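Novice: Kindly generate the corresponding structure for this input.
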Amino acid sequence: MSMSRRQFSMASVAALGAVSINPLAAAEPAVNRRILLASRPVGKPSTENFRQESVAIPEVGDGEVLLRTRYLSLDPYMRGRMNAGKSYADRVELGDVMVGGTVSEVVQTNHPNYAKGDLVSAFSGWQEYDVSTGQGLMKLDTRITRPSYALGVLGMPGLTAYVGLLDLGEPKPGETVVLAASTGAVGSVVGQIAKLKGCRVVGIAGAKEKCEYAVKELGYDACVSHYDDDMAAQLKEACPKGIDVYFENVGGSSWEAVMPLLNNFARVPVCGLIAHYNQTELPPGPDRMSMLQGMILSRSIKMQGFIVSNYIHRAPDFIGDMSTWMAEGKIQYREDMVEGLQNAPEAFLGLFKGANFGKLVVKVS
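Specialist: Have a look, this model is predicted:
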């Protein structure tokens with residue numbers, strides 16, 4: 001089963017059920033500001049790859065709704081959509097609006113299922129307004145205490161953490177779980193679920209304040225900084241019994257430090273490799289492929305990549321469990337909120353430098 005990110009974004013929130021939420025009163029501007037893909041990056045993207053323009057607000061036809069974007073999600077996968085090559089999802093064409101999940105408000109409606117003021121999960125991209133036929137839109141449930149949570153802990157990143165750890169990682173009480181980007185949108189959820197399952201959890205992060213947050217606020221047993229020259233030695237010390245589950249979403253030096261510590265029958269779910277997204281050639285250094293292949297064979301290691309949209313059938317269980325854990329105070333979640341659509345390109349670039357602290361969201365209006 002394979003679904004687009006648009007279908008997943010809507011279906012995961014659909015599992016919560018539908019309910020109307022009154023919008024905040026706001027005067028509508030005369031134009032639709034939007035950010036387009038101006039050029040394809042070679043290596044690291046820059047602000048020059050984006051272009052902002054203002055166009056007329058689209059008109060609403062029969063059976064359609066006009067959506068105003070309230071919150072826009074910024075995620076690493078968007079870097080792949082900027083490339084010309086084939087991937088698991090369609091690329092963004094030059095001159096098109098950048099893709100992205102949104103929480104949007106219905107400001108005009110000719111659709112029987114949507115009323116003015118409804119807040120919905122949508123995929124409107126990097127723009128203030130969008131017209132939809134209603135296909136795939138889902139009203140937010142009252143159990144989402146903050147609308148922007150539908151883009152994070154109760155949306156795609158949350159489900160990624162849930163299925164990646166539980167379905168592929170299969171953690172058992174007493175095992176050691178290690179994760180990189182351990183305070184990010186996905187990693188912070190992975191680590192906390194692992195603790196709920198009775199595991200020893202060791203995080204890998206960047207800034208010292210992120211490591212402190214992982215231990216003091218998220219409840220990890222330890223956290224090491226990949227900025228430290230002796231990170232590999234610190235990780236080995238923090239994992240005296242080796243590593244049973246490594247949740248991979250970074251690659252690079254984190255993976256190099258983890259690989260020798262993997263135990264027999266270790267599981268490695270792979271959901272991302274952000275350290276490599278901007279590479280244009282193979283990284284320098286020794287070729288470790290034969291070492292990895294030998295370890296996979298001799299230690300019976302299971303290493304599996306996954307795309308979260310292929311696990312949409314797990315959304316009802318995820319929503320039920322995550323809503324309960326959050327209500328009971330067992331899951332903490334942090335957002336990095338950026339004000340203004342015009343700041344989306346700069347904030348997006350910061351994803352690849354570890355500038356964000358928590359789920360990166362743009363408050364558009």
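Novice: switch to C-alpha atoms for all contacts and neighbour counts from now on
Specialist: Will do.
Novice: For residue 347, see how far away residue 341 is.
Specialist: Computed as C-alpha to C-alpha, to the nearest Å, the residue 341 to residue 347 distance reads 10 Å.
Novice: again but with residue 226, I slipped
Specialist: Distance from residue 226 to residue 347, by C-alpha to C-alpha: 22 Å.
Novice: And residue 136, by the same measure?
Specialist: Taken as C-alpha to C-alpha, the span from residue 136 to residue 347 is 27 Å.
Novice: quick one, which of those two is more surrounded?
Specialist: Comparing residue 136 with residue 347 by other C-alpha atoms under 10 Å, the one with more neighbours is residue 347, at 22 against 17.
Novice: doesn't residue 337 make contact with the more buried one?
Specialist: No: if you go by C-alpha atoms under 8 Å, residue 347 and residue 337 don't touch, sitting 9.7 Å apart.
Novice: what do these two both touch?
Specialist: residue 360 (C-alpha atoms under 8 Å, 6 or more residues apart in numbering).
Novice: quick check, residue 348 in a helix?
Specialist: Yes: counting by DSSP: H, G, I helix; E, B strand; the rest coil, one finds residue 348 located in a helix.
Novice: What's the local residue count around it?
Specialist: 24.
Novice: Check the average confidence over the longest helix belonging to the chain, would you?
Specialist: Assignment by DSSP state H gives helix 315-327 as the longest helix of the chain. The average of the pLDDT scores along helix 315-327 is 91.
Novice: ditto for stretch 135-149
Specialist: pLDDT averaged over stretch 135-149 gives 84.
Novice: Counting neighbours, which bits of that stretch end up buried?
Specialist: Going by neighbour count (16 or more other C-alpha atoms under 10 Å), the buried part of stretch 135-149 is 136-141, 144, 147-149.
Novice: how far is it from where the chain is centred?
Specialist: 17 Å (C-alpha atoms, centre = their mean, to the nearest Å).
Novice: same check, this time on stretch 251-263
Specialist: A distance of 22 Å separates the C-alpha centroid of stretch 251-263 from that of its chain, computed with C-alpha atoms, centre = their mean.
Novice: Equivalent analysis for stretch 317-324, please.
Specialist: On C-alpha atoms, centre = their mean, the centre of stretch 317-324 falls 17 Å from that of its chain.
Novice: again, but for stretch 353-365
Specialist: Counting by C-alpha atoms, centre = their mean, stretch 353-365 is centred 11 Å from the centre of its parent chain.
Novice: Quick one: residues in contact with it.
Specialist: By C-alpha under 8 Å, 6+ apart, stretch 353-365 touches 68-75, 128, 148, 151-152, 183-185, 206, 210, 333-341, 344, 347, 350.
Novice: again, but for stretch 125-137
Specialist: For stretch 125-137, with C-alpha under 8 Å, 6+ apart as the criterion, the contacting residues are 6-7, 10-11, 32-36, 57-60, 63-70, 72, 97-102, 111, 120-122, 124, 341, 344, 364-365.
Novice: among the residues you listed, which ones are buried?
Specialist: Among these, those buried by neighbour count (16+ other C-alpha under 10 Å) are 6-7, 10-11, 32-36, 57, 60, 64-70, 72, 97-102, 111, 120-122, 124, 341, 344, 364-365.
Novice: and the closest residue to residue 91 other than its chain neighbours, what is it in contact with?
Specialist: Nearest residue to residue 91, sequence neighbours excluded (C-alpha to C-alpha, 6 or more residues apart in numbering): residue 81, at 4.4 Å. Contacts for residue 81 (C-alpha under 8 Å, 6+ apart) come out as 87, 89-92.
Novice: Residue 30 is in contact with residue 54, correct?
Specialist: No: counting by C-alpha under 8 Å, residue 54 does not reach residue 30; the two are 9.5 Å apart.
Novice: Looking at those two, which is more packed in?
Specialist: Neighbour count, other C-alpha under 10 Å: between residue 54 and residue 30, residue 54 has more, with 13 against 10.
Novice: can you give me phi and psi for residue 183?
Specialist: When read as degrees, to the nearest 10, the backbone of residue 183 gives phi -110, psi 10.
Novice: Sorry, slip of the keys, the one I care about is residue 265.
Specialist: According to degrees, to the nearest 10, residue 265 has phi 70, psi 20.
Novice: Check the one 3 residues further on too.
Specialist: Torsion angles at residue 268 (phi, psi; degrees, to the nearest 10) stand at phi -130, psi 90.
Novice: measure it to residue 30 for me?
Specialist: For residue 268 relative to residue 30 (C-alpha to C-alpha), the value is 50 Å.
Novice: ok, now residue 66?
Specialist: Look at residue 66 and residue 30: by C-alpha to C-alpha, they are 14 Å apart.
Novice: Repeat that for residue 57.
Specialist: 7 Å.
Novice: what separates the most centrally placed residue in the chain from residue 187, distance-wise?
Specialist: Centroid-nearest residue in the chain: residue 157, 3.9 Å away (criterion: C-alpha atoms, centre = their mean). In this view, residue 157 and residue 187 are 9 Å apart by C-alpha to C-alpha.
Novice: ditto for residue 163
Specialist: Distance, residue 163 to residue 187, by C-alpha to C-alpha: 12 Å.
Novice: ok, those two, which is more surrounded?
Specialist: Using other C-alpha under 10 Å, the more surrounded residue of residue 163 and residue 187 is residue 187, with 26 against 22.
Novice: show me the contacts for the more buried one.
Specialist: With C-alpha under 8 Å, 6+ apart, residue 187 has these contacts: 161, 179-181.
Novice: and which of those is nearest to residue 325?
Specialist: Of all those, residue 325 sits closest to residue 161, with 14.0 Å by C-alpha to C-alpha.
Novice: contacting residues around the helix or strand that contains residue 35?
Specialist: Taking DSSP states H and E as the definition, residue 35 sits inside strand 31-37. Here strand 31-37 makes contact (C-alpha under 8 Å, 6+ apart) with 49-58, 82, 92-98, 126-129, 341-342.
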